[in-house]
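Q: quick one: sequence plus predicted model below, questions after.
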Amino acid sequence: HNKLLLNGVAYYHYFKKLTSLCTKSAAKLQKNPDIFGIFENYLYFCTQICVFLKNMSVEIKKITNRIDLLRFVKFGNEFYSNCENFFFFFILDEMATLKTKKNRAVVVCAHVLYMAYKNGKAVGRIAGIINHEANRKWGVKHVRFGWMDFIDDLAVSKALLDAVAEWGKSKGMDGLNGPVGFTDFDHQGLLIEGYEHLAPMASLYNYPYYVKHMEAYGLTKENDWIEIQIYPPQELPERFGRMAKIVEQRSNVRVDKVKNVKELVRKYGISYMDVIDVAYQKLYNFQALTDRQKHHYCDMYFPLLNFDFVTVVVNENNEVVGVGVGMPDVSNALRKCKGKLFPLGWYHLLKALKSKTYEAFDLLLIAVRPDYQDRGLNAVIIADQHPYFVKYGIKRVETTAIMETNTKNLSHWEVFPHKYHKRRRAYIKAI
């Protein structure tokens, strides 16, 4: 049954040829009623098999033009239209990310997009990515898969993964890895625990059945991430505040509270992006960002930020040595937008960003320059942002995905009430 299910197209063509041959032979057998009756039943059986296999066969189409790309992007939002915990991507942002001319990652990456169809209806999508720079850094030959969504049908998921695997092999790759994106700034990791929680802007959501499809294909765990939900107290623990002050004095650092993106760029250029770059060198699938990519991500994210939640730590030479960035959770606003800024999507987003109170907050990143790591600068960043958690009435803070092996980062939150509420996984398979 599984072979029939996963090779429906091949079996369909086989039975179609057999049916055609039987039809041609039927006229010759009409003179013998007994044999013809048996043959007629067999012909009917073959015809029904053809109809069944045609209905279950999967067609894979490569995305080659803007109309197909728009269909690819919209499929992601439409597929989760009835899911309460999914947030909608902005269509224009997704188009820009996946367009070769606009994506700054294409300098170090090659990519391909596919959609799956059954009976003329879209039933899945996938992106194949080869990050040449990351492959060189880690000494591997991996083709990545991402932007993968599909109905609960093993034939569909297999056909999509097969398409990426074959494309990767044609480029000399020997491993299939995902779900991950072009860089660490893209969404990565299949959600395997925590489906009952809302998906923030910084992380993926997927249906629970995706896991069995990954395992059925032979993909195995390569890396897990954990997401933490933190409940900030009204007052920072005295021990924590005292530690932050000691760190500032011993390391001779201070917080420079910039007010907007113009002041940030005027004072420090994009050196804060350089800190993020060097701080994340040892993280999973890391690839050093090019200057074009740094400017691209700055232009994409920083204009949206409330700079109360941007912490820049500098040393005695006025060099940026630590960065902490967060933003209010705008998931509900994105759901109202349905992925569109117009006609009223911009209003819902602006209202959420400019609100005086926030229920939830997304801690996007904390990065410390390697020569300042293990000095406690994280405490300085958290101590700076905590008063604003109280000011805006924030009841819960959600971290982005933290590698399960990054025990130092995980331990920073032990001082606050918290829970590990989500787990994500990246898979690997030899091809």
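A: Done, it's in. Numbers count the residues shown, from 1 in each chain.
Q: now do the contacts for I228.
A: Counting by CB atoms under 8 Å, 6 or more residues apart in numbering, I228 touches E398, T399, I402, L410, W413, H418, K419, Y420, H421. Glycine gets a C-beta too; all of them are placed from N, C-alpha and C.
Q: how many other residues sit next to the residue lying closest to it once chain neighbours are set aside?
A: Using CB to CB, 6 or more residues apart in numbering and skipping residues adjacent in sequence, the residue nearest I228 is T399, 4.7 Å away. Number of residues near T399 (other CB atoms under 10 Å) recorded here: 27.
Q: mind listing what T399 touches?
A: By CB under 8 Å, 6+ apart, the residues touching T399 are E227, I228, I230, L363, W413.
Q: so what's the residue count around L160?
A: Neighbourhood size, L160 [other CB under 10 Å]: 27.
Q: oops, could you answer that again for R144 instead?
A: Close neighbours of R144, defined as other CB under 10 Å, add up to 28.
Q: give the other helices and strands that the helix or strand it falls within contacts.
A: Under DSSP states H and E, the secondary-structure element containing R144 is strand 142-150. The contact analysis (3 or more CB pairs under 8 Å, 6 or more residues apart in numbering; DSSP states H and E) places strand 142-150 against helix 66-79, strand 121-131, helix 154-170, strand 175-178.
Q: could you redo the last one with a cut-off of 6 Å?
A: strand 121-131, helix 154-170, strand 175-178 (3 or more CB pairs under 6 Å, 6 or more residues apart in numbering; DSSP states H and E).
Q: so which of the ones you listed is the most surrounded?
A: Of those, the one with the most neighbours on average (mean count of other CB atoms under 10 Å) is strand 175-178, at a mean of 24.
Q: quick one: strands adjacent to that strand?
A: Next to strand 175-178 in the sheet, as set by DSSP bridges, lie strand 142-150 (parallel), strand 418-430 (antiparallel).
Q: of the contacts of I228, which is the nearest to Y427?
A: Within the contacts of I228, the smallest distance to Y427 is 18.6 Å, found for I402 (CB to CB).
Q: mind checking how far the closest one is from Q373?
A: I402 sits 15 Å away from Q373, taking CB to CB, to the nearest Å as the criterion.
Q: what about V112, which helix or strand?
A: Per DSSP H and E: strand 109-118 holds V112.
Q: and that strand with strand 142-150, angle?
A: Here the directions of strand 109-118 and strand 142-150 differ by 30 degrees (axes from the mean of the first three to the mean of the last three CA atoms, to 10 degrees).
Q: buried stuff in strand 109-118?
A: With burial defined by 16 or more other CB atoms under 10 Å, the residues of strand 109-118 counted as buried are C109, H111, V112, L113, Y114, M115, A116, Y117, K118.
Q: quick one, what contacts the fourth one?
A: The neighbours of L113, taking CB atoms under 6 Å, 6 or more residues apart in numbering as the test, are I63, F72, A127.
Q: circling back: quick one: which of the strands paired with strand 175-178 is nearest N206?
A: strand 142-150 (7.4 Å).
Q: distance of the residue nearest to I228 relative to G326?
A: For T399, the distance to G326 - CB to CB - is 9 Å.
Q: pull up the overlap in contacts between these two.
A: Residues touching both T399 and G326 by CB under 6 Å, 6+ apart: L363.
Q: direction included, what does the strand holding V112 pair against?
A: Strand 109-118 is paired, per DSSP bridges, with strand 59-62 (antiparallel), strand 121-131 (antiparallel).
Q: now the last one: average pLDDT?
A: Per-residue pLDDT values over strand 121-131 give a mean of 97.
Q: buried ones in the following helix or strand past that strand?
A: Per DSSP H and E, the first helix or strand lying C-terminal to strand 121-131 is helix 132-138. In terms of neighbour count (16+ other CB under 10 Å), helix 132-138 has its buried residues at E133, A134, N135.
Q: what number of residues lie near the residue lying closest to the second one once chain neighbours are set aside?
A: Same thing as A134. Nearest residue to A134 in three dimensions, chain neighbours excluded: Q287, at 3.9 Å (CB to CB, 6+ apart). By other CB under 10 Å, the residues close to Q287 number 23.
Q: for R424, same thing?
A: If you count neighbours by other CB under 10 Å, R424 ends up with 25.
Q: K74 too?
A: Here the count is done by other CB under 10 Å, and K74 has 16 residues near it.
Q: tell me who's in contact with it.
A: Applying CB under 6 Å, 6+ apart, no residues qualify as near K74.
Q: which residues of the stretch 151-300 of the chain fall in helices?
A: 154-170, 210-216, 238-251, 261-268, 271-279, 291-301 (DSSP state H, counting those that start in this stretch).
Q: so which of these is nearest L190?
A: Comparing those by CB to CB, helix 210-216 comes nearest, at 5.9 Å.
Q: residues of the closest one that come out buried?
A: Neighbour-count burial for helix 210-216 [16+ other CB under 10 Å]: Y210, V211, H213, M214.
Q: ok, and the closest non-adjacent residue to the last one?
A: Right, M214. With sequence-adjacent residues excluded and distances taken as CB to CB, 6+ apart, M214 is closest to Y427, at 5.3 Å.
Q: the one you found pairs with what?
A: When assigned by DSSP bridges, Y427 has beta-bridge partners G178, K221.
Q: quick one on the thing from earlier: with distance to L198 added, can I get the helices of the stretch 151-300 of the chain in TSV?
A: Listed next are the helices of the stretch 151-300 of the chain as TSV, based on distance: least, CB to CB, whole Å:
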stretch	distance to L198
helix 154-170	25
helix 210-216	18
helix 238-251	28
helix 261-268	28
helix 271-279	26
helix 291-301	20
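Q: quick one: closest of those to M95.
A: M95 lies closest to helix 291-301 among the helices of the stretch 151-300 of the chain, at 13.2 Å (CB to CB).
Q: how far off centre is that closest one?
A: Per CA atoms, centre = their mean, to the nearest Å, the displacement of helix 291-301 from the mean C-alpha position of its chain is 18 Å.
Q: could you do stretch 157-164 as well?
A: Per CA atoms, centre = their mean, the centroid offset for stretch 157-164 relative to its chain is 18 Å.
Q: quick one: contacts of that stretch?
A: Contacts of stretch 157-164 (CB under 6 Å, 6+ apart): L6, V58, I60, Y114, A116, G124, I126, G128, F145, F150, H213, Y217.
Q: farthest pair within the residues you listed?
A: Those two in those that are separated most widely, counting by CB to CB, are L6 and G128, at 19.7 Å.
Q: how big is the angle separating the helix or strand harbouring D93 from helix 291-301?
A: Applying DSSP H and E as the criterion places D93 in helix 91-98. Angle, helix 91-98 to helix 291-301, by the same axes, to 10 degrees: 170 degrees.
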